[in-house]
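[1] Return atomic coordinates for the entry below.
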Amino acid sequence: MAGGGGGGISPLGPAPPMWYHRDLSRAAAEELLARAGRDGSFLVRDSESVNGAYALCVLFQKHVHTYRILPDDEGFLAVQTSQGVQPKRFKTLPELVSLYLQPSQGLVTTLLYAVDREETAISDDRDYSDGEDEKPPLPPRSASTSTPPGPDTPTESAPAANGLSTISHEYLKGSYALDLEAVKQGACALPHLNKTLVSSCKRLNGEVDKVLSGLEILSKVFDQQSAFMVSKMIQQSVNQGGDQELENLVTKLAILKDLLSSIEKKALKALQDMSLSSPCSPPPLSMRHSKAIPVQAFEVKLDVYLTELTKIGKSQKYTLSVDVEGGRLVVMKKVKDSQEDWTTFTHDKIRQLIKSQRVQNKLGIVFEKEKDKSQRKDFIFASAKKREAFCQLLQLMKNKHSNQDEPDMISIFIGTWNMGSVPSPKSVASWVLCRGLGKTLDEMTVTIPHDLYVFGSQENSVCDREWMESLRAMLKEQTELDYKPIAVQTLWSIKIAVLVKPEHENRISHVGMSSVKTGIANTLGNKGAVGVSFMFNGTSFGFVNCHLTSGNEKIARRNQNYLDILRLLSLGDKQLSSFDISLRFTHLFWLGDLNYRLDMDIQEILNYINRKEFDPLLKVDQLNLEREKNKVFLRFAEEEISFPPTYRYERGSRDTYVWQKQKATGMRTNVPSWCDRILWKSYPETHIVCNSYGCTDDIVTSDHSPVFATFEVGVTSQFVSKKGLPKSSEQAYIEFESIEAIVKTASRTKFFIEFYSTCLEEFKKSYENDSQSSDNVNFLRVGWSNKQLTTLKPLLSEIEYLQDQHLLLTVKSLDGYESYGECVLALKSMIGSTAQQFHTYLSHRGEETGNIRGSMRVRVPSERMGTRERLYEWISVDKDDTGGPKGKSTLVTRVGHEYVKPSVVRKQLGELGKVSEEGERTSKEETTARPKQDAPDGDPSISKNSYNNPAYYILEGVPNQSAAALSPELLPSPTSANPQVAKAPLPSAGARTKPSYISPGHSHPRRPMTGHPVRAISEEGSSEDDAGVCVTGVQGVGGTVGSTLNRPPPDFPPPPLPKGALEMVAEATFPKPRPLYPDLAEVRIPAASPAAPLALGEGFRRGGGPGPGPGSGALDDQSCSVLQMAKTLSESEFPGQPPRAPSAPPPLRGQPMGIGLDACRTFPPRNPIPESIAEDMPEEALWGSSSSSLSVGESSVGEWLQRLGLERYEQGLLHNGWDDLEFLSDITEEDLEEAGVLDPAHKRILLESLRQQQQQQPQK
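    Presented below is the predicted three-dimensional model:
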């Protein structure tokens, strides 16, 4: 809380005034003032940008004006004024406010009406250990709460380290006067100052001695000639003392400097000499001490095509034997009863694994038969789990025998368990081996050690040291590896422990730890969270283990717990303090006893559990419902839940749920619930796949079952440039053409953008926005042109480095320097000579606050273009198996991600206005079959709205299912631009889709997911073609819950442009380019009374949904102003768009939600226009190196691909008939996709190479 002042006087006076709202968020303050509704309404809150400062918020003419109140060096408070204006200073905040209650004091209006804070009832804060104990548990007696020592919570780290500040103060207060007196009497020394410095440097002296001793040993090993001199110098410095103690320290620091500057060169020379004399090098670290993986055999059948069925007499049964240690795959088939035919392939001869999306147990393997020739065989496994185990083993084999020094991918185990204040049983092997219920690992792979183990526990009564040792012993028993502890962090009985494989210990750096209390009045640690963060080479990880408020009815309190943890947990890079922890890490995992319950009658719940029908229960899961309302875990992902509720069991068995307990206050009900959860959030265009998510069924000491999940995660190395730092001619640049943001605020201040990234030396700022408009008091549209945006220079210019980097943006106000929204962008999609469009959402303090879009490019010099294939790109999805049109591969996208990968657009389309990033969407209904239905041309439901309607971004107070139960006038009308979507029946609200995280060329089948419901989103063309939102009915529990409301910003990329939009370019010309987004000035906002009641009526049927039903009625927490804003904006006229012809065939059942991240760049569209391909390409050669063009000496497609480093695509090109170099110049992006080239960067390399060859033809 802001506070602290001079002279021991509290800046808040004797008691905090009611108009002081402590750490209320900016958005919440605006909401309170809007509700007050009178000019001159005001409140004071803590500043979000400066510790110890305040923000005075005043409402005038429906706009909120914010003034910063800053403390000076003497602790006096003053409102920040313009330069040259003398500020008025006050001792306390009430004194300052009392002045501005007088008229004409320089504010926009006189302070008239104080808006008081709402005091929370004390009884609401009572939360005692799942509500079952009469008193809160006492904190553990052990003093240690973290091992090893690391950064703790901000409050605990407030005192200055080592007490240096106290020592300095003592000198200045007392001894300073004695030294001054001595100097007046002619003394030439300052004995008291010398004593102070010696005391201050005491610990430094000891640390330097330790370091010198260690380096002395190294010098003796690597440089015996100088080792004697070093020892002698160290001994001399140690023997000095007394008055020479400071000189002693300076001498030792000089020795240390010399040693550090020379030791590496000497060690390098010594090791080079040793390597020349010893022919055998030791095995790599990753090959030592690990438990040998036995050879695993898989019984499969060869999948034959119709044309091959004539080959009678050949057995189709095969055995695939994987020898991970030997790096071999043996393919064996039985020819006759006793005879076998087998072929052995080494790891480097297995070119690619191709998973079928449609057939979950089918896998294609591409083998290299001989030079430039390969063969694909498709196999059917016994189950999908067996296929995944086979792929995991082959990836492990590839990784083990890779010539890469650093891993591309690691495996992470995450477990959470509420231990019920009882020590764990002797064996919890089923927990770490992921054995039990739900999505589990195959028996062939359960014993393969993971790279990282993260254990979260709640109500854990075991002390830290004993808990860590028990975990290490358990892992040693299961893996035969001695795992190294990275961190243990404890808050009372909430613990998180992280262990890593010994071979990775040196890859871990920047370990941080923190905790947050959310118990009674946020002062008790019986509830709260602990967190650990670190870097694994170049990838940042965050792990949060929490125990939230218990009780069926305390949903709002749990939501607030989450938001407090998100804001107050001090983890990660301190430079990123403007961002909450959900944006500070490449991968953030959130686990624990979240305590969200099921809103259903106990008997119904038990009946569904007995029948193993979990979907109806997941529909009423409080966490799912709150996530759908965007109240918590914004854009997080969770794997499908396929295991029974993990709470509240009878201790000693897993057969019975105990749901009643007699209390002094009466009978308490704890319905069976999924309290224990694991969620995650990752940066866009990163690789993460959840391979298991379940619970044990044999650990019965607690009333909770332990929950486990395993993840396959792509990581980056600490990149070292082989070409050194870039010269000016080789410098890469990140350039912005324009940025535009729609921000939820009633303020009308100016804004600027701050840019953060690990690839930048320091953060950069833009200038203030040069365009600003609004037709609605709750929204502000701000824009920056190219001249207002700075060009960013990355530290390194290699494409291999830049494609792994991300850019964090925060939109800040000029009046208070507070953030109004933050986002993250991936640089991978932006690399190229032409600008790429981006579009994503803004969030602040865990809430969605608007959206941002723009145009940017990352220029990379041609000599820095070299790249390589990542291990996780080695597995792809079978393009012929998705059931999509023309057999194209439709890659899945990230549901948990907020990011839309930009599409390549032509200049003419950019001038046409709003190409692709606003309106292009593929239907999230693609997970279900849609009947072919054509709507008549005159369908009255043609929408007048589009995705530029900002109301879609702000309905966080309304559940998606319940929002549709509002009367039609409160919602956007549906579209018939794509009648198949508009009239298609939606799956039930419980049908959910699993977020599969992919990188180019790599995809995984999508399964139903518990986290987000399938939401109906119309498949639009460009925003010229936009026709609004498809709203269709959803069958809910107990009747129709209404319809599902589409909620951008989208989690998925746009589809290809419709043919009509491309044809319009040739016909239409514009005198000047239109703005990238429709001008809000064109939007007519009808007046709306803020007190208008919410109409709850029949279901919204125009999208083909079912008739009226009871509805859910869960609208008790929505914001009136937000709904009114949505109402007014959805009634607004937007520029008309031509309807899109309903030509796209409906996807088949099981097709993934949305189009793939790579497919969003697909040109031409489904109706190909070959002549448009050349126009889509950049005008200047992106891949300028001569090595990337087709050389005269190349005689085959294979040689050409080999020169480009893309030989993996040879089989696909030859299979599709592209076997002649002369005809390759006619190839299009669509042809490349059909041949399996899905990575946009690889497509560009191939097309640019061919284009350069064409340009060189006339010269030859």
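
[2] quick one: what helix or strand has Ile852 in it?
    Ile852 is located in strand 847-859, with elements delineated by DSSP states H and E.

[3] again with Ser1249
    Using DSSP H and E, Ser1249 sits in helix 1240-1256.

[4] Same question for Lys476.
    Using DSSP H and E, Lys476 falls within helix 464-479.

[5] now Ala529
    Take DSSP H and E as the rule and Ala529 turns out to sit in strand 528-536.

[6] Summarise which helices and strands whichever helix or strand comes after the strand holding Ile852 is packed against.
    Sequence-wise, the next helix or strand downstream of strand 847-859 (DSSP H and E) is strand 875-877. For strand 875-877, the helices and strands in contact under the criterion 3 or more C-beta pairs under 8 Å, 6 or more residues apart in numbering; DSSP states H and E are strand 350-355. (Each C-beta comes from the backbone N, C-alpha and C, glycine too.)

[7] Pull out the buried residues from the strand it packs on.
    350-355 (16 or more other C-beta atoms under 10 Å).

[8] what's the answer for stretch 607-620, then?
    Within stretch 607-620, the residues that count as buried by 16+ other C-beta under 10 Å are 608, 614, 616-620.

[9] Sort out for me which of those are in strands.
    Mapping those onto strands (DSSP state E) picks out no residues; all lie outside.

[10] will you turn these into CSV that also has pLDDT and distance to Lys750?
    Putting those into CSV (pLDDT from 0 to 100; distance: C-beta to C-beta, whole Å) gives the following:
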residue, pLDDT, distance to Lys750
Tyr608, 97, 55
Phe614, 97, 51
Pro616, 97, 51
Leu617, 98, 50
Leu618, 98, 46
Lys619, 97, 45
Val620, 97, 46
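
[11] Go through these and say which is closest to Gln102.
    Looking at these and their distance to Gln102, the nearest is Val620, at 55.0 Å (C-beta to C-beta).

[12] and that closest one, what are its phi and psi?
    Backbone torsions of Val620, given as degrees, to the nearest 10, read phi -110, psi 10.

[13] isn't it right next to Tyr596, touching?
    No. Using C-beta atoms under 8 Å, Val620 is not in contact with Tyr596, being 10.7 Å away.

[14] ok, and the closest non-adjacent residue to Ser421?
    Of all residues beyond its chain neighbours, the one nearest Ser421 is Glu459 (4.7 Å), with distances taken as C-beta to C-beta, 6 or more residues apart in numbering.

[15] Would you confirm that that neighbour contacts Trp417?
    No. Assessed by C-beta under 8 Å, Glu459 is found out of contact with Trp417, at 9.2 Å.

[16] sorry, back to before: what's the helix holding Lys476 packed up against?
    For helix 464-479, the helices and strands in contact under the criterion 3+ C-beta pairs under 8 Å, 6+ apart are strand 146-147, helix 429-432, strand 452-458, strand 484-491, strand 494-500.

[17] Nearest to Gly40 among these would be which one?
    Set against Gly40 and scored by C-beta to C-beta, the helices and strands packed on helix 464-479 come closest in strand 484-491, at 43.8 Å.

[18] Sheet partners, orientation included, of that closest one?
    For strand 484-491, the pairing partners within the sheet under DSSP bridges are strand 146-147 (antiparallel), strand 494-500 (antiparallel).

[19] Run through who's touching the longest one.
    Identification of contacts with strand 494-500 by C-beta atoms under 8 Å, 6 or more residues apart in numbering yields 451-458, 460, 464, 467-468, 471-472, 475, 483-489, 508, 515, 525, 528-532, 534, 543-547, 592.

[20] ok, 6 Å please
    Applying C-beta atoms under 6 Å, 6 or more residues apart in numbering, the external contacts of strand 494-500 come out as 452-458, 460, 468, 471, 483-489, 508, 530, 532, 545, 547.

[21] domains in the chain, as residue ranges please.
    Domain assignment for the chain, taken from the TED database, gives 20-114, 296-304+315-398, 408-714, 733-870, 1197-1255.

[22] Over to the shortest one now: how far is its first residue from its last?
    One end of domain 1197-1255 sits 19 Å from the other (C-alpha to C-alpha, to the nearest Å).

[23] go on, the fourth one?
    Domain 733-870 has its terminal residues 24 Å apart, counting by C-alpha to C-alpha.

[24] I'd like the mean pLDDT over that domain, please.
    Mean pLDDT, computed over domain 733-870, is 93.

[25] go on, the shortest one?
    If you average the pLDDT over domain 1197-1255, you get 81.

[26] One more: the first one?
    Regarding domain 20-114, the rounded mean pLDDT is 91.

[27] now do the same end-to-end measure for that domain.
    End-to-end span of domain 20-114 (C-alpha to C-alpha): 9 Å.

[28] Show me the beta-bridge partners of Val454.
    Counting by DSSP bridges, Val454 forms beta bridges with Ile414, Val498.

[29] and it, how many neighbours?
    Residue crowding around Val454 was assessed by other C-beta atoms under 10 Å; the count is 25.

[30] Would you mark the buried spots in the top helix by length along the chain?
    If each helix of the chain is counted by residues according to DSSP state H, the longest one is helix 245-277. Going by neighbour count (16+ other C-beta under 10 Å), the buried part of helix 245-277 is 245, 248-249, 251-252, 255, 259, 263, 266.

[31] quick revisit: okay if I get the helices and strands packed on helix 464-479 as CSV plus mean pLDDT and distance to Phe708?
    As requested, those are arranged in CSV below (pLDDT from 0 to 100; distance: least, C-beta to C-beta, whole Å):
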stretch, mean pLDDT, distance to Phe708
strand 146-147, 45, 24
helix 429-432, 96, 6
strand 452-458, 98, 10
strand 484-491, 96, 19
strand 494-500, 98, 15
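
[32] and the residue nearest to Arg558 when sequence neighbours are not counted, how many neighbours?
    Once flanking residues are discounted, Arg558 sits nearest to Leu548: 4.6 Å by C-beta to C-beta, 6+ apart. Number of residues near Leu548 (other C-beta under 10 Å) recorded here: 26.

[33] For the one helix or strand Phe367 maps to, name the packing helices and strands.
    If you go by DSSP H and E, Phe367 is part of strand 362-370. Packed against strand 362-370 by the contact rule (3 or more C-beta pairs under 6 Å, 6 or more residues apart in numbering; DSSP states H and E) you find strand 350-355, strand 373-380.

[34] For Cys391, which of the ones you listed is the nearest?
    Among those, strand 350-355 comes nearest to Cys391, with 5.8 Å by C-beta to C-beta.

[35] quick one: strands adjacent to the closest one?
    Here strand 350-355 has these sheet partners by DSSP bridges: strand 362-370 (antiparallel), strand 875-877 (parallel).

[36] Could I get those in a markdown table, plus columns for mean pLDDT?
    As requested, the strands paired with strand 350-355 are exported to a markdown table (pLDDT from 0 to 100):
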| stretch | mean pLDDT |
| --- | --- |
| strand 362-370 | 89 |
| strand 875-877 | 83 |
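
[37] Ranking the ones you listed by mean neighbour count, which comes first?
    Among those, strand 875-877 has the highest mean neighbour count (mean count of other C-beta atoms under 10 Å), at a mean of 24.
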